[in-house]
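Participant: Dropping the sequence and predicted coords here.
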Amino acid sequence: MWYKSCDVVVIGSGAGGAVVAHRLTEQGFKVVLLEAGRQFKTEEHTTAFWSSMKHLFWENGFQHAPGKPTIPFLQGRAVGGTTVINSAICWDLPQDVHQEWVNEHAFEIDYAEIDREQQRIRKDLNIHEIPPEIAGGNSNLMKRGAEKLGWSGRVIARNEKDCRGSGRCLMGCPHGAKLGMDVSYIPWAQQQGLELIADCPAERVLIKKGRVVGVEAKLLTIGKRHWLTREFPGKKIRIQAKAVVVAAGVIQSPLILQRSAVPDPWHLIGSHLMAHPGTSMVGCFDEPVNIWKGATQGYEVNEFRSKGLKLESLGVSPALFGVRLPGAGKRLAEYYEKRGHMALWAGAVRTESKGSVKGGRFLSPIRFGIPDADMKKFRLGIRVLGELMFAAGAREIYPGIVGRPEKVSSAEELMLILEKPIQATHIHPVATHLFGTCRVSADPQVGVLKNNFESHHVKGLFVSDGSVFPSNTGVNPQLAIMALAGVAAQNVVQTF
């Protein structure tokens, strides 16, 4: 028995799903948007670290790829998806990456078509560089170091309006200044008739004779999403639709397709998982820094993008910052007392490694490792982050490498501890910026989707999120995901 019917069901309300839902609703289609997580009001976002992780992240922030080392995979689970808990950084899809897709992956979407959407989104979401008055000490120090070294960098451009520099992007903006999907495209679409159903994870897409006919989902008890990794029982519902757009993210989208028994003769669904795992560096300065004041991320160094590395300032709450400091007990407390004078910067690595996502695996559906070839990029990241900090005036830095000195007082000392090879188990990588698992390609032996974002094997089934990317990009993917979603929406329209 059908719960309701519509033209299109969109699964997932993040950067991809929200834009598709907005564009389709704008053109008069009856759209139902399903979101596994809760809908939060702006005033509900707090500084409580555990509460934020519990309510805003998949698996309370414990989603991971098991292994040596275990790698956290951070994604948002709320209305607005990861746009609720990211730093709002916006990069156009690099044209060199697009050309790589065309040359190597049978990607046939013209860059001009993508760029038209990028420019519209830039205007819609007020994307602009961070003004100096809210940059904060953490970002200003990185800029100072880059200018002293003559390295290419830029003030970060973000989708926000009237940011107060409260440094709380990662726990949800308490002022509604970050124009994530929860305060932009979703409410704009609701004004035009979009129906949003939160606390409603999709179980599977319903397929009949090679065509989608709807979605089966689980309507959870309102406000009771899950406890640890076990979801509360919910009422199963079925929504009839002429088209379905899966936009649940790089991890959940392939799992939904797998549960739906979408034909997969070349075992591509869930394959080619890619990411930008990051490593971080803490430095102590004579001057006050106060990394929890100012923009969460305000400056980036792209000097090494051609080598698969991008450096970013990163502000976090005092509670989370302590995790990155060396030592334990009294020694940790002594470091923590100096936190107001410390900066935290990160290096995001464009790895060559490819993992996978498959349901039914022990501990986690995710498998992802960091081979020695990628560790060379991490070593480069640690080295240049140290050089940058000393150039900015750091008194000492804390490299965070297991088995090596916990603090270093010069770039020369840092080079000495980097002489021996570094293995993945010596650092603490965290994976953000996820890609692949449902890639676009004209060749059905290479990609899960055709170049119109429709399944090669099921009519009316589309995917629109980071999983469609043929490769990782080396830069923050939010704007590119939204732009490709705008292109995907036009292709959905053409199926009616």
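Facilitator: Cool, the structure landed. Residues are numbered from 1 along each chain as shown.
Participant: Please make it C-alpha for all contacts and neighbour counts, starting now.
Facilitator: Will do.
Participant: dump the residue contacts of V155.
Facilitator: E129, I130, G298, Y299, E300 (CA atoms under 8 Å, 6 or more residues apart in numbering).
Participant: How about the last one, nearest residue that isn't a chain neighbour?
Facilitator: Across the structure, with CA to CA, 6 or more residues apart in numbering as the measure, the residue nearest E300 apart from its sequence neighbours is E312 (4.3 Å).
Participant: Now for the contacts of V155, which sits with the most neighbours around it?
Facilitator: Among these, the one with the most neighbours (other CA atoms under 10 Å) is G298, at 31 neighbours.
Participant: For this structure, which helix or strand comes out least confident on mean pLDDT?
Facilitator: strand 226-227 (a mean of 48; mean pLDDT, DSSP states H and E).
Participant: Can you tell me which of the contacts of V155 lies closest to A65?
Facilitator: E300 (27.2 Å; CA to CA).
Participant: show me what contacts the closest one?
Facilitator: M142, K143, G153, R154, V155, I156, K310, L311, E312, S313.
Participant: surely M281 meets E406?
Facilitator: No - with contacts counted by CA atoms under 8 Å, M281 stays clear of E406, the gap being 11.2 Å.
Participant: which residues in the stretch 251-400 of the chain form helices?
Facilitator: Here the stretch 251-400 of the chain has its helices, by DSSP state H, counting those that start in this stretch, at 252-259, 318-321, 329-336, 372-392.
Participant: Looking at those helices, spot the one closest to M53.
Facilitator: helix 318-321 (11.1 Å).
Participant: who's in contact with the closest one?
Facilitator: Residues contacting helix 318-321 (CA under 8 Å, 6+ apart): F49, W292, R339.
Participant: Confirm that A217 sits in a strand.
Facilitator: Yes - counting by DSSP: H, G, I helix; E, B strand; the rest coil, A217 is found in a strand.
Participant: since we're on it, how many residues are nearby?
Facilitator: 22.
Participant: same check, this time on E413
Facilitator: With other CA under 10 Å as criterion, E413 counts 12.
Participant: Run the chain-centre distance for the one helix or strand it maps to.
Facilitator: Using DSSP states H and E, E413 sits within helix 411-417. Distance of helix 411-417 from the chain centroid (CA atoms, centre = their mean, to the nearest Å) equals 33 Å.
Participant: quick one on the thing from earlier: Throw the contacts of V155 into TSV and include distance to K459 and pLDDT, thanks.
Facilitator: Output for those, formatted as TSV (distance: CA to CA, whole Å; pLDDT from 0 to 100):
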residue	distance to K459	pLDDT
E129	42	96
I130	43	94
G298	43	94
Y299	44	96
E300	42	97
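Participant: Strands - which of those residues land there?
Facilitator: E129, Y299, E300 (DSSP state E).
Participant: List of residues touching stretch 411-425?
Facilitator: Looking at what lies outside stretch 411-425 - CA under 8 Å, 6+ apart - the contacts are 68-69, 370-372, 375, 379, 383, 386-387, 390, 402, 404-405, 408.
Participant: How about stretch 105-120?
Facilitator: 92, 95, 98, 101-102, 440-443, 446, 451, 470, 479-480, 482-484, 486-487.
Participant: Dump that stretch to PDB, keeping only the CA atoms.
Facilitator: Presented in PDB, the C-alpha positions along stretch 105-120 are these (Å, rounded to 0.1, in the frame of the first residue of the first chain):
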ATOM      1  CA  HIS A 105      36.700   8.400 -17.700                       C
ATOM      2  CA  ALA A 106      34.400   8.900 -20.700                       C
ATOM      3  CA  PHE A 107      32.900  12.000 -19.000                       C
ATOM      4  CA  GLU A 108      30.900  14.000 -21.500                       C
ATOM      5  CA  ILE A 109      29.300  16.800 -19.600                       C
ATOM      6  CA  ASP A 110      30.600  20.100 -21.000                       C
ATOM      7  CA  TYR A 111      32.400  22.400 -18.500                       C
ATOM      8  CA  ALA A 112      30.300  25.400 -19.700                       C
ATOM      9  CA  GLU A 113      27.200  23.700 -18.600                       C
ATOM     10  CA  ILE A 114      28.600  23.000 -15.100                       C
ATOM     11  CA  ASP A 115      29.900  26.500 -14.800                       C
ATOM     12  CA  ARG A 116      26.500  28.100 -15.500                       C
ATOM     13  CA  GLU A 117      25.300  26.300 -12.500                       C
ATOM     14  CA  GLN A 118      28.300  27.300 -10.400                       C
ATOM     15  CA  GLN A 119      27.700  31.000 -11.200                       C
ATOM     16  CA  ARG A 120      24.000  30.800 -10.300                       C
END
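Participant: Buried residues, that stretch. List them.
Facilitator: H105, A106, F107, E108, I109, I114, D115, E117, Q118 (16 or more other CA atoms under 10 Å).
Participant: Could you pull up phi and psi at the third one?
Facilitator: In terms of degrees, to the nearest 10, the main-chain angles of F107 are phi -90, psi 120.
Participant: What segments of the stretch 151-300 of the chain are strands?
Facilitator: 153-155, 157-159, 195-197, 202-208, 211-220, 226-227, 230-231, 234-246, 274-284, 299-301 (DSSP state E, counting those that start in this stretch).
Participant: So which residue is dead centre in the protein?
Facilitator: H433 (4.0 Å; CA atoms, centre = their mean).
Participant: tell me which element that one falls in.
Facilitator: Using DSSP H and E, H433 falls in strand 430-435.
Participant: residues making contact with that strand?
Facilitator: Under CA under 8 Å, 6+ apart, the answer for strand 430-435 is 71-75, 250, 273-279, 466-472, 476-477.
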